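**Q** task: produce atomic coordinates for the following.
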Amino acid sequence: FAVLVSMIDCVSLLRWLKATLPMEFGDVDYIQAVKFPNGQSNPTFKITCSNQIAGKERHYVVRKKPSGSLLPKAHQIEREYMLLERLHAVRFPVPCVFVFCEDENVIGTAFYVMEFVDGVIFQDTLLHALPPKQRRKVYFELASILKQLHSIPLEDLDLPSEFIKPNFFSRQLHVWTKQYELASMLAPKVNEFEQLSKLLRKKKHAIAEELCLVHGDFRLDNVIFDPHTLSVRAVLDWELASTGSYLGDVAYASLAYHMEPTSIAGVEIPGLKGVALDKHHIPTESEFLGMYGLHGRPAAWNAFLGLSALRLASIAQGVYARSIQGNASAKNAGMIGSMCHTLSSIGLDAMSTQTDDDSNMLSLISTLSTRAQELHRRLKTFITERVIPMEQAWVEAVQTSADRWSMDDESILEDLKADAKALGLWNLFLPDVSGLSQFEYAHLAELMGTSLLAAEACNCAAPDSGNMEVLHMFGSKEQQKEWLQPLLEGAIRSCFCMTEPDVASSDATNMECTIIFDKESNMYIVNGKKWWSTGAGSPHCKIALVMGLTPNSAKSRHEQHSIILVPMHTKGVEKVRPLTTFGYDDAPHGHFEVHFNNVHVPPENIILEEGKGFEIAQGRLGPGRLHHCMRAIGMCERAFDLMCDRSIERKTFGKRLAQHGMIQDMIAQSRIDIDQGRLLVLEAARVLDASSSKVARKLLSMAKVAVARTAQKVLDRAIQVFGAAGMSDDTPLAFMFTGARTLRIADGPDEVHLLTIVKEELKSRIQKKMKILSKL
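**A** A predicted model of the protein is given here:
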C-alpha cells in the first residue's frame, strides 16, 4: 500500500488500523493524513483511506496528544473519547468514534479514530460567508444545541463516578490558575491574569450550581453545520468537558460580545464588541441568551465571563510555554505570548460591568436566609429556562383550541407544574407550608411577575393563593380537607366573588348580594350578582368564595357580611359571561360575571361565622396585595429589559434610540420608579412579618398605590419605545399594560387606599395632639 508523507507515521497507523479493525480498514491500500490547520491543543488529522483498485475512498479523523512533555492532566483525549461514546449513544450530535489506541509506538502518542463529519465550520463570528437573513439561524442553532446538551440527564450518560464532580467554578478556577502557574515557569508572568484570578477567588464562594454536562470549550468554530439547512451536524472538541454549571458554557459562548475584533501576532480574535450587530444581522448578547432560554443575565454572569477569559488566557500562556519548549501544535505558537495579557484584560473588564441582577441592587437577596436564596436561584433558573420559553406556545395553544374555555390540551402548563413540584417551587406563598417570611417570599413573587405563566406554574397565582390563605387561616378542618387540600395539590382551582355590577364596590358595604339562613331548609340561600370573578371561567374552578350581606340590625355595618363556600356545580350558579379588559378575555381562566339565583348552601360552608366577612377579607387582602405588588415589580423589570434592549438595537434619525435624550430620560425614570416601589413593598413585608395586616395597613396601601402607578408608567414608556410593535401581541407589553392598569382598580382603587393613608396619618397626629392637650 502507498502513503502520503505527513506529520504522523501513516505506514504504522495503517498497519495498526488493519490489525485492529479489519472489517473497516482491511481493504485499504492507500492512506493520506492532512493536519487540520486550526487548533492549538491536540493535533487533529483528516485521514483519507482508499482502495485504489476498487476506486473507493473514505474519510476519517485521527486525534492525538501532542508530542513531548505535557502539563499534568492536560490533553486528556481518553476522557474525550469516553464522552463521545456516551453522547453518541443518547443521539446527541457528535462524531461516531471507532477505536482508542494507548500504544505510543504507533504514531508517537496516544490517539483515537472517529468518523469524518462533512459540513461547514464558521470561524467568522459575523458570518460574512452567509446571506444576512441566514445568520441569526446559525446563532439560534448554536444556542439550541447548547440547551439540548445541558438538558441531558446525567444518569442517561452513565458517566464514571469520578467524572461527576461538584463545585465547577472553584475547580475550573483552580485548574486554570494552576496551569498558568506551571506555564509561567517558562513564560513571563502576566499581572492582569493574577489580578483576575484573585478577583474570581473572592467570588467563588457565592456561586450556586446545579450539575449538568458542560462542554468546556463551546464556541462557534467547534460546531459543524449542515451547509444547506444550517442545523448542527456535530459538536467537536470535548477534551475539557466536565460536570458543572450551564453558565460555564453559555458565558464562554458569549465571550465574543465582550471582545473587540482584532489580530494579535497574526492570530484573529473574532470579537463582536463595538460592532453594529443589527447591520450584520447578528443577535445581541441578550437575544442570544434569549435563544438559549435565559431572560436577562444571571447574577453570576460576570463571574463566569471572567472565568471564561481566564481560561483562554491560561491556555494562551500554555501554548506560549510549549513554543518555548518546542512542542507546540501550531506554527505561530511563539507569536502568541501577548494574548494572555489581552485576554486577562478582557476578563477584568467583563467583571467590572453590571449584570441585570447587579443593576437591581435593592433586591437585597444577600440578606435572605440560605434556603430563601437557594429557592430564589432555583426559581430564577426555572422561569428563565422553562417557563418563559413556553409562553408563546401556551398563547398559541389557547388561541387554537376548539373551546378556549375548556382547552383541548393543557399539557404545556401541566408539565411546568410538574417541574415546579419536583423542584420544590410549589405553594411558596403560604408561610406555614413554605417556611418563608413575607419579606422572603416578596423576592420570589417578583421573579414570578417576570413571566405570564410562572405564578400559576408554581401554584401561587391569584385568586387561588388568597383563597387558600383564607381557608388556611379561617377554614374549619372539614373545609380544609374538602377544599384547601385539593387547592394546595393543584387538583382544582377557585374564584373569589366580591365585586358587584350594580353598586360601587369600592365601598364594600354597598354590597347587595345576600346570604340568608333559611330555618325551614336549614340552608343558606345566596342571591345576587357578582362580576370580575377571576378564574371562574376555568374548567378546573370547582369552588367560589362568595361575600355577601347577612343582615343583622344589632351589629355594625362592618359586621353584617359573611363569606361562604359555594361549589360551582350547585344549582342556581350561573356563569353569565366572560368580561374583557381592554379587549383581553384572559381565557381559559377569565374574569366572569356570575349570578347566584336562590343557591342553597349547607350551613357548614360558612367560613368562620356570620358577620366575619370583612375580617376575613382583610386577612386575605393584606398578603395578597403585597404579592400583587411584587409580581408587578417583576413585570416592570421585564418591560424595562425589553425597553433597554430595544433602545440599543433600533435606530432613528441616524442614531440608536438609546442615544436620544428623551429615551435616556425614560430609562432613568423607570429605574428610579421601579427601585423605589420595590423598597416600599419590602418595607411593608417587613412590618407585616413583625406584626399584622392591621399594623401594616398604611404601608400596604402606600405600596399598592405606588407600585400600580409605577407599573402603568413603566409599561407605557416601554410601549412608547417599541412604537407600533408595543401595541401588538408581538411582545407581551400590551397584555402587561392591561394588567398594570387593572391593578389601580383591583384589590381596592387608588382613591380608597389614598383615603386609608390619609386616615392613618391624621389619626396618629390627632392622637399625639390629644395626648399633649390632656396634659395641659
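**Q** C-alpha only now, for contacts and for neighbours.
**A** Noted.
**Q** ok, Ile674 - contacts?
**A** Ile633, Cys636, Glu637, Val707, Thr710 (Cα atoms under 8 Å, 6 or more residues apart in numbering).
**Q** out of those, flag the one nearest to Leu700.
**A** Val707 (10.5 Å; Cα to Cα).
**Q** and whichever strand or helix holds that closest one, what does it pack onto?
**A** Using DSSP states H and E, Val707 sits in helix 697-722. Helix 697-722 sits against helix 613-649, helix 661-690, helix 724-727, helix 733-743, helix 750-774, with contacts defined as 3 or more Cα pairs under 8 Å, 6 or more residues apart in numbering; DSSP states H and E.
**Q** looking at those, which is nearest to Ile606?
**A** helix 613-649 (9.9 Å).
**Q** which other helices and strands contact the closest one?
**A** helix 438-449, helix 464-474, strand 561-567, strand 655-656, helix 661-690, helix 697-722, helix 733-743.
**Q** nearest to Gly622, of these?
**A** Among the helices and strands packed on helix 613-649, helix 697-722 sits nearest to Gly622 (Cα to Cα), with 7.0 Å.
**Q** tell me the average confidence for that closest one?
**A** The pLDDT scores in helix 697-722 average 96.
**Q** and if you look at stretch 674-685?
**A** So the average pLDDT for stretch 674-685 ends up being 93.
**Q** what does stretch 292-312 give?
**A** 85.
**Q** swap in stretch 320-330?
**A** 69.
**Q** stretch 93-106 too?
**A** On average, stretch 93-106 scores 94.
**Q** list the contacts of it.
**A** 9, 12-13, 16, 78, 81, 84-85, 87-88, 109-117, 232-236.
**Q** just the buried residues from the residues you listed, in PyMOL please.
**A** The command below creates a PyMOL selection of those among the contacts of stretch 93-106 that count as buried (16 or more other Cα atoms under 10 Å):
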select buried, resi 9+13+16+78+81+84+85+87+109+110+111+112+113+114+115+116+117+232+233+234+235+236
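**Q** circling back to that earlier point, including neighbour count and distance to Asn552, could the contacts of Ile674 go into TSV?
**A** Formatted as TSV, the contacts of Ile674 follow (neighbours: other Cα atoms under 10 Å; distance: Cα to Cα, whole Å):
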residue	neighbour count	distance to Asn552
Ile633	31	42
Cys636	31	45
Glu637	26	48
Val707	29	38
Thr710	24	42
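**Q** quick one: those as a markdown table, columns for distance to Val190 too.
**A** Converted to a markdown table, those look like this (distance: Cα to Cα, whole Å):
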| residue | distance to Val190 |
| --- | --- |
| Ile633 | 45 |
| Cys636 | 44 |
| Glu637 | 40 |
| Val707 | 50 |
| Thr710 | 49 |
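**Q** farthest-separated two in these?
**A** Glu637 and Val707 (12.2 Å).
**Q** and the angle for the helix holding Val707 with helix 750-774?
**A** Angle between the axes of helix 697-722 and helix 750-774 is 150 degrees (criterion: axes from the mean of the first three to the mean of the last three Cα atoms, to 10 degrees).
**Q** mind starting the numbering at 379 from now?
**A** OK, 379 is where the count begins now, so the last one is helix 1075-1100.
**Q** quick revisit: ok, which of the helices and strands packed on helix 1075-1100 comes nearest Arg935?
**A** Here helix 991-1027 is closest among these (Cα to Cα), at 10.0 Å.
**Q** now the closest one and helix 1075-1100, what's the angle there?
**A** Using the same axes, to 10 degrees: helix 991-1027 against helix 1075-1100 is 30 degrees.
**Q** would you mark the buried spots in helix 991-1027?
**A** 991-992, 994-995, 997-1025, 1027.
**Q** repeat that for stretch 838-854.
**A** 838-850, 852-854.
**Q** same question for stretch 505-512.
**A** Leu505, Pro510.
**Q** lowest confidence element among the helices and strands of this structure?
**A** strand 380-382 (a mean of 42; mean pLDDT, DSSP states H and E).
**Q** what about Met1114, how many residues nearby?
**A** 23 (other Cα atoms under 10 Å).
**Q** state the distance from it to Asp1019.
**A** Met1114 sits 14 Å away from Asp1019, going by Cα to Cα, to the nearest Å.
**Q** same thing with Phe596?
**A** From Phe596 to Asp1019 the distance is 27 Å (Cα to Cα).
**Q** ok, now Pro421?
**A** 44 Å.
**Q** also Asp896?
**A** 57 Å.
**Q** and for Val472?
**A** Counting by Cα to Cα - Val472 and Asp1019 are separated by 36 Å.
**Q** now the helices and strands packed on helix 991-1027 in JSON lines, please, with extra columns for distance to Gly915.
**A** Shown next, in JSON lines, are the helices and strands packed on helix 991-1027 (distance: least, Cα to Cα, whole Å):
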{"stretch": "helix 816-827", "distance to Gly915": "22"}
{"stretch": "helix 842-852", "distance to Gly915": "13"}
{"stretch": "strand 939-945", "distance to Gly915": "14"}
{"stretch": "strand 1033-1034", "distance to Gly915": "45"}
{"stretch": "helix 1039-1068", "distance to Gly915": "31"}
{"stretch": "helix 1075-1100", "distance to Gly915": "25"}
{"stretch": "helix 1111-1121", "distance to Gly915": "18"}
